[in-house]
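Enquirer: 3D, please:
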Amino acid sequence: PGRGGGRGAGGRGGRGGRQDDERYDQGPPLLEGPVKPIERTSNRWRPTKDTSVLAATEKKVKGILNKMTKTNYERLSQQICDITIPSNDVLSMIINRVFEKAIDEPSFGDTYADLCVRLSKSVNPDSFLHFMEEKKGDDTISHRWSSNIGTSDSEIFGPFRSEAECLDAAFLEDTEALRPINRGDIELTLVKPMIIDGIFIKIMKQTQVDEDKEALPNFFAVFFPVEDAEACGQQLSEPFETEDLCRKDARKMNSSKRCLLNKCEDEFKKQDIYVDWKREKKVYEAKKASLTEAECNEIQEVLEMKRIKIKKQMLGNIRFIGELFKKRLIKASIMHECILSLMKLQKAANGGLEQAEDDEMDEEDHEALCQLFNTVGEEIDRNSKDRQIELYFDRIEVLSNDNALTSRSRFMYKDLIELRLNGWQARRKQETAKTLDEIRKDAAREEYLTQQQQQQQQQQQGREPFRSSDRREPTNRPGFVDTRNVDPRKNSGGQAIPRGQQVGRQNLPTPESSKRFAQAKNAVQPDGFTQILVRGPNALPASSLRPTPLEPKISSPKALDTDKLKSRITGIRAEFLNDQQNEAELLASVDGLSGTPGLEAKLVLLNCEWALECKAPERQGVIKMLLILLKSEKILPEHFESAFSELIEFIDDMTVDIPKVYDVMGELLGELLSFNALSLSSVCTECAKIPLEENRAELIQKIMKYAEKANGPNACASCFRANEGALITLLGPEKWGSIKPY
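Expert: All right, here's what the predicted structure looks like:
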């Protein structure tokens with residue numbers, strides 16, 4: 001009996017069940033006598049693989065990856081992890097798209113490697129794996145698995161009334177074959193797959209059926225010989241003797257790590273990445289003589305752009321493989337194999353390394369090897385137990401001095417050796433992706449450093465130095481004598497003796513005169529010169545000889561307009577939240593804004609406005625920042641009072657955008673009250689601006705809640721008891737008595 005693609009009504013063992021159905025009433029035979037059986041041909045019907053789900057998912061994944069940055073990574077990576085994965089084909093497609101993006105955008109390699117880590121943790125292959133029994137005529141049973149059994153086939157057989165009828169249809173003779181129907185918009189769910197006597201059978205059931213039509217057939221099937229599985233786009237594993245072995249193999253072969261390793265291996269083992277480019281260049285060289293100069297220039301430009309792109313992809317591939325290794329998605333043994341493959345080495349019998357036969361490194365291998373070590377060298381050096389890296393660098397040392405290589409390759413190796421000697425700390429920081437907050441932080445730091453340099457230059461220009469002639473000729477100043485050609489010794493007449501003249505012992509200066517000379521010699525004036533004063537009748541007093549110091553011209557920071565000030569405060573806040581231990585940088589950044597009038601109140605107001613809408617951890621960071629500025633007296637309690645006067649006045653208007661504004665405002669005020677940034681009496685004064693009494697009482701209750709949480713119930717009760725008069729004035733004695741904590 002034929003078991004080709006065409007299947008029809010009837011069944012094994014005479015089970016026909018539907019021979020009286022009108023659809024199967026084929027009337028009297030058109031021909032009498034023996035008819036030659038229909039032979040199975042090579043172009044017989046086969047089910048075609050449906051790719052609509054794959055295409056739709058691919059479009060969605062590309063859209064998400066095109067929008068992904070380091071800032072929105074958390075949100076978009078979760079969107080990719082939430083995508084339903086109905087088959088290994090979809091999983092492989094996602095891995096491939098991520099890999100391609102990582103190669104095209106090397107600076108985002110770390111981000112895409114993190115995405116692969118998330119995928120490996122979130123994807124469960126059991127969600128798309130299907131296991132089936134394979135029954136043969138001799139009653140032997142084996143097990144297979146498939147990773148892409150779906151229910152979206154464009155053509156199906158049916159409808160049938162039961163699973164048994166589906167099986168009957170699968171084993172009809174070719175002469176009784178049914179024609180498949182278009183699935184259309186019928187939604188199906190998988191009942192079970194199976195293999196019987198070499199026929200793969202997939203039984204499905206209609207998902208939604210009208211209640212009035214429940215009795216109608218709602219089973220459908222697709223079936224074909226197992227040998228046609230590949231042509232039909234149906235993946236089937238090899239048979240396994242036990243179900244446990246089958247499941248173990250399925251999970252191993254369909255994990256996201258396995259898909260990632262397969263992709264890495266395919267990309268790494270590409271033999272000649274320039275093969276297509278060389279072919280195009282050969283065609284160009286053949287017809288170059290018949291082209292104009294403009295056409296030649298255009299083709300050469302296109303070829304050069306393609307060559308650069310290919311090289312960029314090759315280096316990006318190597319770098320991304322290294323990033324995956326650093327994320328522990330690739331084992332160290334695989335990474336060592338990659339290094340040996342690039343260096344064209346193999347392990348020798350004595351445990352060392354030797355050159356592989358008939359295999360030499362080309363220019364791309366040298367550059368790829370250096371890129372790989374730049375990415376993973378530190379990790380391998382730190383974790384290499386057998387010190388195999390020493391063997392690698394012995395070889396690299398040889399290559400760095402090999403005159404047969406280009407100078408570019410030799411110097412790349414020398415830079416690599418230097419990098420290792422420096423503890424893998426690069427001289428230039430490698431470009432990586434940054435969040436918007438990190439970009440703002442860098443911009444704020446650069447602006448601050450620029451202002452500091454400008455101030456230093458202005459200070460240096462403000463100090464007028466002494467003229468060089470004065471330094472060289474001290475005799476030009478009143479009251480000074482030139483001692484360069486005069487011997488400090490004096491004769492008996494008290495006159496100076498020219499240098500070089502011999503004098504007797506009787507002419508030597510006395511101890512008293514020597515003492516006075518030493519005191520005069522050690523007298524240092526404010527200009528830094530040692531001077532000898534001659535106290536004569538025309539000599540000026542020493543105080544009149546001191547130059548008047550010039551006040552340095554130090555310019556204060558420029559005043560900023562509202563938009564620039566808001567931007568700078570946003571950058572300062574983001575920088576502090578990113579590193580809350582760096583108080584010095586916070587204070588220096590605030591000093592850079594000191595030229596703006598009313599800075600302190602605006603600083604408190606803008607940060608507290610932002611804190612009302614941010615998450616709790618960030619709000620605590622803002623409170624910590626404000627308290628640091630309060631402690632260092634960069635802002636004072638009156639600045640807090642000024643800022644909260646405006647915030648509390650419009651608190652009712654904020655409830656539209658911030659439903660929990662009373663709770664958040666209470667948290668801010670309660671924490672700040674605990675550290676004396678505000679007084680409770682001033683808070684009561686501002687709360688009087690709230691129209692409704694119940695809203696005023698709610699805010700006071702929230703303040704008490706967070707103040708008690710920060711300082712304890714005793715301190716909170718003491719604070720509120722001391723200001724009970726203001727609270728009674730605000731809420732009234734009855735309302736205050738119902739909510740007071742003591």
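Enquirer: any weak-confidence spans in this protein?
Expert: 1-50, 173-177, 208-216, 271-272, 351, 357-359, 384-386, 429-433, 462-556 (pLDDT under 70).
Enquirer: Which strands or helices does the top helix by length along it pack on?
Expert: Counting residues, the longest helix found in the chain (DSSP state H) is helix 293-326. Counting by 3 or more C-beta pairs under 8 Å, 6 or more residues apart in numbering; DSSP states H and E, the packing neighbours recorded for helix 293-326 are helix 88-104, helix 109-122, helix 256-268, helix 275-287, helix 332-343, helix 363-383. For the C-beta atoms, the positions are set from N, CA and C on the backbone; glycine is no exception.
Enquirer: swap the cut-off to 7 Å and go again
Expert: helix 88-104, helix 109-122, helix 256-268, helix 275-287, helix 363-383 (3 or more C-beta pairs under 7 Å, 6 or more residues apart in numbering; DSSP states H and E).
Enquirer: wait, which of those helices is closest to Asp442?
Expert: Ranking the helices and strands packed on helix 293-326 by proximity to Asp442 (C-beta to C-beta) places helix 109-122 first, at 17.5 Å.
Enquirer: C-terminal to that closest one, what's the next element?
Expert: Where DSSP states H and E defines the elements, the next helix or strand beyond helix 109-122 is strand 130-135.
Enquirer: can you list contacts of the next helix or strand after that next one?
Expert: Past strand 130-135, further along toward the C-terminus, the next helix or strand under DSSP H and E is strand 141-146. The contact list for strand 141-146 (C-beta atoms under 7 Å, 6 or more residues apart in numbering) reads 129-135, 193, 195, 234-237, 239-243, 246, 250.
Enquirer: Tell me the buried residues in strand 141-146?
Expert: By neighbour count on 16 or more other C-beta atoms under 10 Å, the buried set for strand 141-146 is 142-146.
Enquirer: go on, stretch 681-692?
Expert: 682-687, 690.
Enquirer: residues in contact with stretch 608-628?
Expert: By C-beta under 7 Å, 6+ apart, stretch 608-628 touches 573, 576-577, 580, 583, 586, 604, 607, 643, 647, 654, 658, 661, 664-665, 667-668, 671, 675, 677.
Enquirer: buried subset of those residues?
Expert: For the contacts of stretch 608-628, buried by 16+ other C-beta under 10 Å: 573, 576-577, 583, 586, 604, 607, 643, 647, 654, 661, 664-665, 667-668, 671, 677.
Enquirer: and stretch 88-95, how far out from the chain's middle?
Expert: 22 Å (C-alpha atoms, centre = their mean, to the nearest Å).
Enquirer: likewise stretch 422-431?
Expert: Relative to its chain's centre, stretch 422-431 lies at 19 Å (C-alpha atoms, centre = their mean).
Enquirer: what's in contact with it?
Expert: Counting by C-beta under 7 Å, 6+ apart, 107, 377-378, 381, 419 sit against stretch 422-431.
Enquirer: Only C-alpha atoms, please: export that stretch in CSV.
Expert: Coordinates of each C-alpha in stretch 422-431 appear next as CSV, following Å, rounded to 0.1, in the frame of the first residue of the first chain:
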residue,chain,number,x,y,z
ASN,A,422,50.5,47.0,33.2
GLY,A,423,48.0,44.7,34.8
TRP,A,424,45.6,44.8,31.8
GLN,A,425,44.9,48.5,32.4
ALA,A,426,44.6,50.1,29.0
ARG,A,427,46.2,53.5,28.4
ARG,A,428,43.0,54.7,26.7
LYS,A,429,39.6,53.8,28.1
GLN,A,430,37.7,51.5,25.9
GLU,A,431,34.5,52.9,24.4
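Enquirer: buried stuff in that stretch?
Expert: Buried residues in stretch 422-431 (16+ other C-beta under 10 Å): none.
Enquirer: what's the answer for stretch 180-194, then?
Expert: Under 16+ other C-beta under 10 Å, the buried positions of stretch 180-194 are 180, 183, 186, 188, 191, 193-194.
Enquirer: For Met335, state which of the residues you listed is nearest.
Expert: Closest to Met335 out of the buried residues of stretch 180-194 is Pro193 (39.1 Å), distances taken as C-beta to C-beta.
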